[in-house]
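K.L.:
here are the coordinates; sequence isn't available:
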């Protein structure tokens, strides 16, 4: 039988305040940009980018 973790508790006002303070910083746009760049490196470019026979899929995804 599988055992599951206990349900997460509701965040208290104090927790919300701390999270808000943590993410409400002047350097957050730079942090977000750096994180975005790092995540884009992890996402591979589809292999069909150079092949015309896959053009319909690329058009459909865009």
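P.N.:
Right, received. Where do you want to start? Keep in mind that this is a model prediction, so the values were computed, not measured. Numbers count the residues shown, from 1 in each chain.

K.L.:
Please pull out the lowest mean pLDDT helix or strand from the chain.
P.N.:
When the helices and strands of the chain are compared on mean pLDDT, DSSP states H and E, helix 55-61 comes out lowest with a mean of 76.

K.L.:
quick one: buried residues of that helix?
P.N.:
By 16 or more other Cβ atoms under 10 Å, helix 55-61 has no buried positions at all. Where C-beta positions appear, they are placed from N, C-alpha and C, glycine not excepted.

K.L.:
Helix or strand for the closest residue to residue 11 other than its chain neighbours, just tell me which one.
P.N.:
Excluding its sequence neighbours, the residue lying closest to residue 11 (Cβ to Cβ, 6 or more residues apart in numbering) is residue 19, at 7.6 Å. Using DSSP states H and E, residue 19 falls within helix 13-23.

K.L.:
which residues touch that helix?
P.N.:
Residues outside helix 13-23 that contact it (Cβ atoms under 8 Å, 6 or more residues apart in numbering): residue 11.

K.L.:
Swap in 10 Å and give it another go.
P.N.:
For helix 13-23, the external contacting residues (Cβ atoms under 10 Å, 6 or more residues apart in numbering) are 9, 11-12, 28, 31-32.

K.L.:
what is the orientation angle of the longest helix anywhere in the chain with helix 13-23?
P.N.:
Ordering each helix of the chain by length in residues (DSSP state H) puts helix 28-42 first. Relative orientation of helix 28-42 and helix 13-23, computed by axes from the mean of the first three to the mean of the last three Cα atoms, to 10 degrees: 80 degrees.
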